[in-house]
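Enquirer: model the following, please.
(chains A and B)
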Amino acid sequence: MCGIISVIDRKKNPMDGTAIREALSIMDERGNGEGAGYAVYGAFPEFADYYAIHVFYDDLIGPKTAVEEELDKVGTVKHDEEIPTFEQPNLKKRHIPWRYFFKPNVTALGTTASEEDILVYLMKKVNTTIPGALIYSTGKNIAIFKAAGWPEDVADFYRIQDYEGYIWLSHNRYPTNTAGWWGGAHPFNLLDWSVVHNGEITSYGTNKRYLESFGYVCTMHTDTEVVAYLTDLLQRQHKLPEELAFKALTPPFWDEIDIMPEKEREFNTALRMTYSPAMMNGPFAIVVASSEGIAGITDRIKLRPLVAAEKGDRLYLSSEEAAIRVMEPAPDRIWMPRAGEPVIGRVY
Amino acid sequence: MPIGSVPPKYKVEIDRDLCMLCERCIENCPYGTFRREGNKILIFSRACTGCHRCIAMCPRDAISLQEKPIDYRSHPVWSREAREAIYNQAQTGKIVLTGMGNALNVPQIFDRLLLDACQVTNPSIDPLREPMELRTYIGKKPRKLTIDKTPEGDIDLVTKLAPNLKCGTPIMIAHMSYGAISLNAQLSLARGAAEEKTFMGTGEGGLHQSLYPYQDNMIVQIASGRFGVDIDYLERGAAIEIKIGQGAKPGIGGHLPGEKVDEGVSKTRMIPPHSDAISPAPHHDIYSIEDLSQLVRSLKEATEWKKPVFVKIAAVHNVAAIAAGIARSSADAVVIDGFRGGTGTAPRVFRDHVGIPIEAAIAAVDAKLNEQGIRNEVSVIASGGIRDSADVTKAIALGADSVYIGTAALVSLGCRVCGSCYRGLCPWGIATQREDLTARIDPDIMYKNVSNLIHGWTLEISELMGAAGINSIESLRGNRDRLRGYMLDENILSVLDVKTVGADV
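Expert: Now for the predicted structure:
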């Protein structure tokens, strides 16, 4: 099942984690206590220019040294710390979460590379070659908090009320394929992108192969990561505007395209033909965030719920209206987005 | 030295109590199996090819047919076919000819691949209630779209799309030439394909003018003999296909015997009547990949870059690298033909022993193109041994964009896969030019068999997709996660990049 809720304050006014904890917890029915997580944008104003690399260590003996050696090879760590955690009776600490504020050295590899390329390289290197270490977030000014447990326990484990940001994403999980694995909990992050996802992507194999042809490597053993990579490919690399990038992922049906006015028809046909392997199928409701805003998308026949609401500068996206009303009892507007139609909330 | 006769392949019998002496069997068998003497139909079983025409036409079900009534002493190594090829060659000193596709009892990889369906965690989609999209565009796709935002906020498309074939279903009909098959068979196939908004290939036999009404659904072929090719031919086709090789006989050319070259065939192929039409093994202007690239571009130039150009190759050992070369030649699609592909005539040793199965070829080509980052820029069409909608679905899940069906389409016209196409006496009116035989196919009626077949398969593919929770064929393409291998060894599984049954996601 899974439950999601996210919020953006378009004026970038900070919100702490108290309200989203309450909202996600009201959807406990949608999870089973085996995974929950939160992402917050604007979490590290003092290190805003550094990539906040989050790592789960299985222990502090072997993997940590190995990861730090890799970090030193391709950049500089400005500051690092164990992410503060607080024992909870119902949550077993299986990993040690660590964060590094990191500045990549674009000349380190010797090939033409951007800062993002170095981060992608690092993530691939660590996640595929260093057992006992998993990089699960690499964004600037973004914090991710996730673990195997109920939403309220995970929130208290990290004390998310101590963090503030202008975007919050959260997810309550009912895992089927990677039960109990912290790495399998959402949100997923890649650079500036974070994703929470309710559902399954039946086109995963096709999407994954397409991403591989552009050099992406899927390492998280879950279908959700393709959303982050596809978004990165279409928006960052192919420079498609946000609306079009999401349209490519859940395009209109041919029957709809065929009756569009000529220019629109040509455009949609080209978009679908060019990006057919990026099209996502299956039951899903997804919220994708970047530092620029959030977007909610559902599959083309909306087999998973998504509700949107607005109040002043804030946009809410959630699996359930009840969760939104926990955070905002009197929204200006609340609605059910149409299948496949993205709802976008951008910072001003 | 005569070695006597080999045991008959078939024994035909007539139940005299049922037979009403209507002589339909005599009329229908062009091989001379039946004749009448007095009040009795006499049978010469040795003439029988097992084509079932007599059985299909007997109004009383009086005819029965037994295969291998007398077999050789059984032997695990010396099969009947091995021994008979030797008897044949001992007497003729020639190459043994056969028809149809590979007849060796080799495992069908398709049968050992299983499809997926949704249960609980994701809902299956009911094609009767929800849209199900099988539309397939065959041709070049841009790597990315470039757009321009106008000052008014409008979005303009900068990228120009290359011409593509828009198919209503991922099933097309393979190239079978007029000459190899009859005009009536071609007409039935063409009209059936047009009816289902898909395409069919002309083969290397030109385009007879009675097919002009269907030209928008025809792919015109250029093979090494260049038969029937002129600018008019190129301009009429919806797409152009350069045939380098064919799965049934990779590496060799073709031979249409002079007796099949009647006036119609001669005009359409642009060769003298009754002359042998010999297609050489290589194209005499293609001795390397750069020559191919020149031909692709010349054809595009000649048709003002308005038509997609495909290149067809047989699935040989190095198929992936060859396909990658073709993909870079400006070609819009690569056609790969597996070693089970059919043909009118092929030497037995080629048909049964040269090339690789289409399943492995699709996987290898798709993987190579993907690795080189160009998979999505060209289409891959698979052919050779596709028997039903499950094979089509599996071929697409392995990485094909669409398939060509040859034998299956002929079977829809009545063909019983007797494998005697090379004799030119096809009792079903398909692989023959003899007028009394070709008249057995009325295209106005038989086209419906072809369109029914494509329609039925398309419905089945929709159901299979819906069960897998997929509502667009694009999301099935290369989706090897939705396949599992059953009783396939590790090496094949790794080439196919498919997990074994029971494996986790």
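Enquirer: so how far is B:R226 from the residue of the stretch 51-200 of chain A found nearest chain B?
Expert: Closest to chain B within the stretch 51-200 of chain A is A:E200: 4.3 Å, counting by Cβ to the nearest Cβ. Glycine gets a C-beta too; all of them are placed from N, C-alpha and C. Distance, A:E200 to B:R226, by Cβ to Cβ, to the nearest Å: 52 Å.
Enquirer: quick one: which of the two has more around it?
Expert: Neighbour tally, A:E200 and B:R226, criterion other Cβ atoms under 10 Å in any protein chain shown: the higher count belongs to A:E200, 26 against 16.
Enquirer: now the more buried one. Its backbone dihedrals?
Expert: Main-chain dihedrals, A:E200, degrees, to the nearest 10: phi -130, psi 150.
Enquirer: what residues are up against B:E474?
Expert: Residues in contact with B:E474 (Cβ atoms under 8 Å, 6 or more residues apart in numbering or on different chains) are A:203, A:206, A:272, A:276-277, A:279, B:133.
Enquirer: can you map out the helices along chain A?
Expert: Assigned by DSSP state H, chain A shows helices spanning A:18-25, A:62-74, A:115-129, A:151-158, A:204-213, A:225-231, A:242-249, A:254-258, A:262-274, A:321-327.
Enquirer: just say which of these is most tucked in.
Expert: helix A:225-231 (a mean of 26; mean count of other Cβ atoms under 10 Å in any protein chain shown).
Enquirer: say whether chain B is contacted by it.
Expert: No: Helix A:225-231 stays clear of chain B (Cβ under 8 Å from any Cβ of the partner chain), getting no nearer than 11.4 Å.
Enquirer: residues of stretch B:295-308 that come out buried?
Expert: B:295-296, B:299-300, B:303, B:307-308 (16 or more other Cβ atoms under 10 Å in any protein chain shown).
Enquirer: what's the closest of the helices of chain A to B:R340?
Expert: Closest to B:R340 of the helices of chain A is helix A:204-213 (Cβ to Cβ; 25.3 Å).
Enquirer: tally up the residues packed near B:A408, please.
Expert: If you count neighbours by other Cβ under 10 Å, B:A408 ends up with 25.
Enquirer: what helix or strand is it located in?
Expert: helix B:407-411 (DSSP states H and E).
Enquirer: B:L292 now?
Expert: Assessed by DSSP H and E, B:L292 sits inside helix B:289-302.
Enquirer: for the record, mean pLDDT for the helix or strand just after that helix?
Expert: Next along the chain after helix B:289-302, taking DSSP H and E as the criterion, comes strand B:309-314. The predicted model assigns strand B:309-314 a mean pLDDT of 97.
Enquirer: any stretches of the stretch 1-150 of chain B with poor pLDDT?
Expert: Applying pLDDT under 70 to the stretch 1-150 of chain B picks out residues B:1.
Enquirer: tally of neighbours for B:Q294?
Expert: For B:Q294, using other Cβ under 10 Å, the count is 15.
Enquirer: again, but for A:P329
Expert: Neighbour number of A:P329 under other Cβ under 10 Å is 8.
Enquirer: tell me how far the spatially closest residue to A:F56 that is not a sequence neighbour lies from A:V154.
Expert: Spatial nearest neighbour of A:F56, excluding adjacent residues (Cβ to Cβ, 6 or more residues apart in numbering or on different chains): A:H95 at 3.9 Å. Taking Cβ to Cβ as the measure, A:H95 falls 13 Å from A:V154.
Enquirer: identify the contacts common to those two.
Expert: A:A147.
Enquirer: about what we covered before: possible to save the helices of chain A as TSV with mean pLDDT?
Expert: Formatted as TSV, these follow (pLDDT from 0 to 100):
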stretch	mean pLDDT
helix A:18-25	96
helix A:62-74	95
helix A:115-129	92
helix A:151-158	96
helix A:204-213	94
helix A:225-231	90
helix A:242-249	93
helix A:254-258	97
helix A:262-274	95
helix A:321-327	96
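Enquirer: nearest to B:H255, out of the ones you listed?
Expert: Ranking the helices of chain A by proximity to B:H255 (Cβ to Cβ) places helix A:262-274 first, at 40.4 Å.
Enquirer: pLDDT weak spots in chain A?
Expert: Across chain A (using pLDDT under 70), the flagged ranges come out as A:1, A:177-179, A:219-221.
Enquirer: in it, what residue sits furthest out from the centroid?
Expert: A:E262 (36.1 Å; Cα atoms, centre = their mean).
Enquirer: check contacts around that residue.
Expert: Per Cβ under 8 Å, 6+ apart, neighbours of A:E262: none.
Enquirer: spell out which parts of the stretch 101-250 of chain A neighbour chain B.
Expert: A:176-177, A:199-200, A:202-206, A:208-210, A:212-215, A:237-238, A:240-241, A:244.
Enquirer: run the last query once more with 6 Å
Expert: Listed as neighbours of chain B in the stretch 101-250 of chain A under the rule Cβ under 6 Å from any Cβ of the partner chain: A:176-177, A:200, A:202-206, A:209, A:213, A:238.
Enquirer: let's have the residues you listed in CSV, adding distance to B:H208.
Expert: CSV is the format used below for those (distance: Cβ to Cβ, whole Å):
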residue, distance to B:H208
A:T176, 58
A:N177, 56
A:E200, 51
A:T202, 45
A:S203, 43
A:Y204, 47
A:G205, 43
A:T206, 40
A:R209, 42
A:S213, 42
A:H238, 46
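Enquirer: wait, B:A315 sits on B:I356?
Expert: Yes: counting by Cβ atoms under 6 Å, B:A315 sits close enough to B:I356 to count as a contact (5.0 Å).
Enquirer: which of these two has more neighbours?
Expert: B:A315 (32 against 21).
Enquirer: please name the nearest non-neighbouring residue to the more buried one.
Expert: Using Cβ to Cβ, 6+ apart, the nearest residue to B:A315 is B:A361, at 3.5 Å.
Enquirer: the helix or strand harbouring that neighbour packs against which elements?
Expert: For B:A361, the enclosing helix or strand under DSSP H and E is helix B:358-371. Contact analysis of helix B:358-371 by 3 or more Cβ pairs under 6 Å, 6 or more residues apart in numbering or on different chains; DSSP states H and E lists helix B:319-327, strand B:379-383, helix B:389-398, helix B:490-496 as its packing neighbours.
Enquirer: list the buried residues in the lengthiest helix in chain B.
Expert: Looking across chain B with DSSP H, the single longest helix is helix B:443-467. For helix B:443-467, a neighbour-count test (16+ other Cβ under 10 Å) marks B:443, B:446-451, B:453-455, B:457-458, B:461-467 as buried.
Enquirer: pairing partners for the helix or strand hosting B:V335, with directions?
Expert: Element membership for B:V335, per DSSP H and E: strand B:333-337. Sheet pairing for strand B:333-337, assigned by DSSP bridges, gives strand B:309-314 (parallel), strand B:379-383 (parallel).
Enquirer: that older thread, which member of the buried residues of stretch B:295-308 is positioned nearest chain A?
Expert: B:P308 (12.6 Å).
Enquirer: ok, that closest one - contacts?
Expert: Listed by Cβ atoms under 6 Å, 6 or more residues apart in numbering or on different chains, the contact partners of B:P308 are B:139, B:163, B:239, B:332.
Enquirer: who touches residue 50 in this structure?
Expert: In the absence of a named chain, this looks at chain A. A:Y50 sits next to A:78, A:101-103 when contact means Cβ under 6 Å, 6+ apart.
Enquirer: that's the wrong chain, I meant chain B
Expert: Counting by Cβ under 6 Å, 6+ apart, B:G50 touches B:10, B:418.
Enquirer: confirm it sits in a helix?
Expert: No: counting by DSSP: H, G, I helix; E, B strand; the rest coil, one finds B:G50 to be coil, located in no helix.
Enquirer: for residue 132, give me its contacts.
Expert: Using chain A. A:58, A:63.
Enquirer: actually, chain B is the one I wanted.
Expert: B:462, B:471.
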